[in-house]
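Engineer: for reference, the sequence and a predicted model appear below.
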Amino acid sequence: MKSISLYIDNGSWLCRMHPFTKLAYIAAAISVPLLAGRLWLFAVFIALSLAVLASGHLLKRVVPLVAFSFTILITIFLIHGLFNQQNRDILFSIGPLHFYREGLLYALHIGCNVLNMLLSFAILVLSTKPSELVEELEKRGFSRRMGYIIISVFQIVPQMMGTMNTITDAQRSRGMETEGSLATRAKAFLPLISPVVMSSLINTRERAVALEVRGFAAKQKKTYLADRTPRRGDKPITIVLLALIVLAVIWRIVQCL
Amino acid sequence: MNLFKTKFDAATIVLIPACIGINYLGKMFASLLKLPLWLDSIGTCIGGCLGGPVIGAICGAANNLIYGFTAGDNITLIYALTSLCIGVAVGIMSRLGFMKSFPKAILTAVVAGLVAVVISTPLNVVFWGGTTGNVWGDMVFAATQAAGMPVLLGSLLDEIVVDVPDKIITLIIVFFVLKGLPQKLTALYDANAKVERLD
Amino acid sequence: MPVIAVENLKYRYPHAEALALDGLNFTVEKGEFIGIVGENGAGKSTLSQALIGLVPQFYKGAYGGKVLIDGRPADTTPIAELCCKVGLVFQNPFNQLSGAKDNVYEEVAFGMQNLGVPREEMHRRVENALKMLDIWQFRDRNPFDLSGGQMQRVAIASILVMEPDIMVLDEPTSQLDPQGSEEVFRTVDKLARSGITILMIEQKIEKIAAYCDRILLLHQGHQIAYDTPQKIFSRPDLEELGVRAPAFTRICRALGATLPDGSYPVTVEEAADRLQRTDALPPPAAPVPSRPVLFEIQDLTFSYNPGTQVLHGINLCLDARPTAIIGQNGAGKTTLVKLLKGLLRAEGGSIRFRGEDIAGKTVAALAAQVGYVFQNPDDQIFRYNVLDEVMFGPLNIGMDEAQAKEKSRAALAMTGLADKETSNPYDLELYERKMVAIASVLAMDPDVLILDEPTIAQDVRGRQCIAGIVRTLSEQGKLVLAILHDMDFVAECFDRVIVMAQGQVAADGTPRQVFADAEALQAARLDPPHVTQLCTRLGYEGVFLTVEEFLTACGCKE
């Protein structure tokens, strides 16, 4: 079954790191540059994220993620470079199109922010098993119902995709064409999507029964199969990251005074 | 009648992942068929109609948070607030009886669309300088900026062009899905159901 | 004190008019093995859910009377507490998975986690249960990637580790092949011996008869009888109640072979003790008129993943005789029929349909000639009334509205759904939705009808209905090709049997030839029909396949 999670256990140190440490990194990477408001800090964190990803052998797998948000970044550069209200100085022109300094700088800010967020999240997403993250959260008091919802999504989506294949076969068997002109494909839309939507809703009845009979509503404190104690490096790294955030907040307050 | 009364048993908990899965499917179809729509809130609206505003809110917010945190699509993260409000709005409308007939469902769709616009526009402006990432909407935005209109207004128009039609199509789909669901399923979500005694 | 005491239990689902359960009264002692039988809609599943409190706590509705589990009322004790006492395993293994675990090991531990069982204890119990049910080798697999039979064993293990005193099993073997269901029955019997009380709903009546201490017979929500299998299956009104007695009982009844107390034997051992060996031989095979060849399959090979071949060089010629394909789960049966339908493309070799190679044809183009009914009807239903759903196929293959309607009505009449034309398919029960799926293919009037395990979830009436379809199509000169796990049904309705094992044809011939071929059956891990088993035990020379055949040879009628 194909997973929608991007996690693959490649045995690197990143995969073994405690998920909370990675969460702390995301918090620091996003908040510090925003609080300090310096463009070069974005660059620092982007570089740091890239270095971390590289040492965890994940650099190659981050490419599609960046490519995914590339179209929206280009739109932002185009629209603001050309039309931003603050535009004064023309930086360069391509034919009749004039790109302005102010707009491009603004777009650069947004772009750096997006890229920074993307890369810091990528560290967590690519190296952490979702169920591990949820389990650790549950152990710290996170609602187990919410925990179930999150993990269940990772099971249900690939399952629905699998059902889609069966449904396609079933409807083709009844003489429905799925290939051809746009009109043919559009006509196929309802017979394909409707069974998967309806059956996934109808199946919830039995799934709920299955949870009930396995003590889902029990009040006892839940226990876990795996025992994950934080590694040696986890604690100091988390402390440093949190300290950075605090420093940035102080810096911001001092600036405002 | 308490609009926000919610059942938190296995039935509603299991409903939420199914709805999030349906959101994902809708989104996938829209992008496969290259439709100028999102179609990524079909499940959220179903959740809101069946389980009430609170379940709708959880469907919406959890949807964006889960994909944001784990599938690497962190752009959707900031729109968790929008999804949450859509879920609440549709949930309330449904509890008020605005999903009972087709014309009423369209009204629900307009409400959901406007809620999406009101919440998303400031987010667009703060995070993207006004664009939405949808080709058609962003063409509108570019035109308004070229015409010298304020960013907020341009972004608002951008959102309206995208979100209102999207929610209308979405709620039409939801309306027909709900119509087809058997009563023995929908009865499970009835927050006011009581066991009647036969002796 | 009995572990289960049911007193005047009544229940009605919300928005329903009729009572699903009406005045049930019975008690179960610790360690007993109880069978629950009755036709579809008799209230068996509802009763099973009442024993663990799902009825009425989960479904709501209207409830009367009492269910006491170890003295505690099931309608008010929280399910989360009751589930430590009563475990429930139900029919569809797929929906019993928690949906929150990506490997079998953790899936099985899910219930214990909720109940707060300590870690070491969890590991111990999971290991024991997985080994006991022979699924230890799948512990790291994703449960959703397993076959139906394997999934069902995971579901049983998941309940077993919670160590309930009572296990309620709602048709747990309906999705399994014969060997798989025998394994489940043996496991359940082992549990019963270890002191666990078992209540089991099952359509495999010979199995129920062999394993149960007592049987509860339900009909339309009423309790008809609660007695020993011998007493229950000796009732003359059984067929009217939608239940068929075991083959052995029917034979003994016709021959007047009774047990000392006047009831009839229910197991093969009991029957063999009471019956005399006769020298009667089965009737000589009637000459089968030669029929035109439809499919020619040559050196067919196929694999889903490179390296693991599923089919190894199949050579077959299929004509219009009703043909059954039997074999274990994973033997390649479904793969073969999907290739015939063009849903999969052959890797090597060729398939010719009426002399033409199908490699160049799309599935939709073949649809008018070759119909294929999928196992799960929910994978195709998308219309909100039965007639529209059934008309979808005929309209796709170019019939006009009037013709499509006529064909669809005829198909609905054949499947016993004539009065359900305007129903919403989603309001129907699973066994009815399965018939809708069959009707929707029948309506396309194909020359070949492929059925993938059509008897699952069907009771006696449903099976008779399918038998009728096989007969009618065969008379019209059409090929019915069915994958089946029910050997008695194969023996009754089919003229040709193909046995598959490990991606190859292990045997091919008339039912009599195939079921006499002990070696091939063993290779495919299949048991012959029940009557054949009885004949073997009695030391008969000829192979009898069905009760009718046996009785005719003995000169009497059922």
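Structural biologist: Received the coordinates, thanks.
Engineer: is chain A contacted by stretch B:140-148?
Structural biologist: Yes. Using C-beta under 8 Å from any C-beta of the partner chain, stretch B:140-148 reaches chain A at B:141-142, B:145-146, B:148. Bear in mind the C-beta positions are built from the backbone N, C-alpha and C, glycine included.
Engineer: doesn't C:Met500 make contact with C:Ala523?
Structural biologist: No. Proximity of C:Ala523 to C:Met500 does not meet the contact threshold set by C-beta atoms under 8 Å, at 10.1 Å.
Engineer: the more surrounded of those two?
Structural biologist: Just comparing C:Ala523 and C:Met500: by other C-beta atoms under 10 Å in any protein chain shown the higher neighbour count belongs to C:Met500, 24 against 17.
Engineer: residue ranges in chain B under the pLDDT threshold?
Structural biologist: B:1, B:70-74 (pLDDT under 70).
Engineer: give me the pLDDT value at the residue nearest to A:Ala36 when sequence neighbours are not counted.
Structural biologist: Leaving aside its chain neighbours, A:Ala36 sits nearest to A:Ala248 (5.2 Å; criterion: C-beta to C-beta, 6 or more residues apart in numbering or on different chains). Per-residue pLDDT puts A:Ala248 at 92.
Engineer: chain center to the strand or helix carrying A:Ala248, what's the gap?
Structural biologist: Using DSSP states H and E, A:Ala248 maps to helix A:234-256. In terms of C-alpha atoms, centre = their mean, to the nearest Å, the centre of helix A:234-256 is set 24 Å apart from its chain centre.
Engineer: with adjacent residues omitted, what lies nearest to the one residue in the stretch 51-200 of chain A that gets nearest to chain B?
Structural biologist: Nearest to chain B in the stretch 51-200 of chain A, going by C-beta to the nearest C-beta, is A:Phe83, at a distance of 3.4 Å. In space, and not counting its chain neighbours, A:Phe83 is closest to B:Gln145: 3.4 Å by C-beta to C-beta, 6+ apart.
Engineer: packing partners of the helix or strand harbouring that neighbour?
Structural biologist: Applying DSSP H and E as the criterion places B:Gln145 in helix B:135-146. When contacts are defined as 3 or more C-beta pairs under 8 Å, 6 or more residues apart in numbering or on different chains; DSSP states H and E, helix B:135-146 packs onto helix A:59-83, helix B:151-180.
Engineer: could you say which helix or strand holds the nearest residue to C:Cys554 once chain neighbours are set aside?
Structural biologist: Using C-beta to C-beta, 6+ apart and skipping residues adjacent in sequence, the residue nearest C:Cys554 is C:Ala280, 5.7 Å away. Secondary structure assigned from DSSP H and E places C:Ala280 in neither a helix nor a strand.
Engineer: give me the domain ranges for chain C.
Structural biologist: Per the record, chain C has its domains at C:4-237, C:245-275+C:529-558, C:293-528, by automatic domain parsing.
Engineer: so which residue of the stretch 151-300 of chain C comes closest to chain A?
Structural biologist: C:Ser158 (6.6 Å).
Engineer: how near is that residue to C:Ala320?
Structural biologist: 46 Å (C-beta to C-beta, to the nearest Å).
Engineer: which one of these two has more residues nearby?
Structural biologist: Set C:Ser158 next to C:Ala320 and count neighbours by other C-beta under 10 Å: C:Ser158 wins out with 28 against 20.
Engineer: and the host helix or strand of the more buried one, what does it pack onto?
Structural biologist: In the assignment (DSSP H and E), C:Ser158 maps to helix C:148-160. For helix C:148-160, the packing partners by 3+ C-beta pairs under 8 Å, 6+ apart come out as strand C:86-89, helix C:93-96, helix C:104-115, helix C:119-132, strand C:166-170, helix C:178-193.
Engineer: strands of chain A, residue ranges please.
Structural biologist: A:90-94, A:97-100 (DSSP state E).
Engineer: doesn't C:Ala5 fall inside a strand?
Structural biologist: Yes. Checked against DSSP: H, G, I helix; E, B strand; the rest coil, C:Ala5 lies within a strand.
Engineer: quick one, what contacts the residue of the stretch 51-200 of chain A closest to chain B?
Structural biologist: Residues near A:Phe83 by C-beta atoms under 8 Å, 6 or more residues apart in numbering or on different chains: A:103, B:142, B:145-146.
Engineer: of those - the most surrounded one?
Structural biologist: A:Gly103 (27 neighbours).
Engineer: what's the helix or strand bottoming out on mean pLDDT in chain C packed up against?
Structural biologist: Lowest by mean pLDDT, DSSP states H and E among the helices and strands of chain C is helix C:178-193, with a mean of 82. Helices and strands touching helix C:178-193, by 3+ C-beta pairs under 8 Å, 6+ apart, are strand C:33-37, helix C:148-160, strand C:166-170, strand C:197-201, helix C:205-211.
Engineer: how distant is it from the center of its chain?
Structural biologist: 16 Å.
Engineer: repeat for stretch C:373-387
Structural biologist: 19 Å.
Engineer: list the residues that contact the residue located most distally from the centre of chain A.
Structural biologist: In chain A, the residue that sits farthest from the middle, by C-alpha atoms, centre = their mean, is A:Gly175; the gap is 40.1 Å. By C-beta under 8 Å, 6+ apart, A:Gly175 lies in contact with C:364, C:367-368, C:393, C:396-397, C:444.
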